[in-house]
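A.B. asks: just the structure for this:
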Amino acid sequence: MDPAKAEELADILSSGHWTHDYPITVDRLRKLGLETSTDMPPEIYALMDLYPQPAGRRPSVEYVPSSRS
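C.D. replies: Next up, the predicted model:
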C-alpha cells in the first residue's frame, strides 16, 4: 500500500468513525483497500469453542433519564 493510502486508512480507522465495539465487516475492509481473507484454520475454531460468548448482548452503559432537582 502506498504511504498516502496508508495514511488515509490510518485516519479513517482512528478518527472515531466507529465505536470500539462496532464490527468492521470483511466487505468494509475490502472496500477500504485492505487485503482480507476469511480462511480460518480449524484449530482457530476449536480454540474459539473453548470460550463461548453469551447469546444476548447487554449494553455495558445504560442511559437512565432522571429529573435534575
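
A.B. asks: low pLDDT regions in the chain?
C.D. replies: 56-69 (pLDDT under 70).

A.B. asks: now the helices: where do they sit in it?
C.D. replies: Taking DSSP state H as the test, the helices found in the chain are 3-14, 26-31, 42-49.

A.B. asks: any idea how far the shortest one is from the middle of the chain?
C.D. replies: Right, helix 26-31. Relative to its parent chain, helix 26-31 has a centroid offset of 12 Å by C-alpha atoms, centre = their mean, to the nearest Å.

A.B. asks: now for that helix, which elements pack on it?
C.D. replies: Judged by 3 or more C-beta pairs under 8 Å, 6 or more residues apart in numbering; DSSP states H and E, helix 26-31 has no packing partners among the helices and strands. The C-beta positions use only the backbone N, C-alpha and C, and glycine is treated the same way.

A.B. asks: which residues does that helix contact?
C.D. replies: Residues outside helix 26-31 that contact it (C-beta atoms under 8 Å, 6 or more residues apart in numbering): 36, 38.

A.B. asks: before we move on, back to that, could the helices of the chain go into JSON lines alongside distance to residue 55?
C.D. replies: Output for the helices of the chain, formatted as JSON lines (distance: least, C-beta to C-beta, whole Å):
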{"stretch": "helix 3-14", "distance to residue 55": "29"}
{"stretch": "helix 26-31", "distance to residue 55": "23"}
{"stretch": "helix 42-49", "distance to residue 55": "15"}
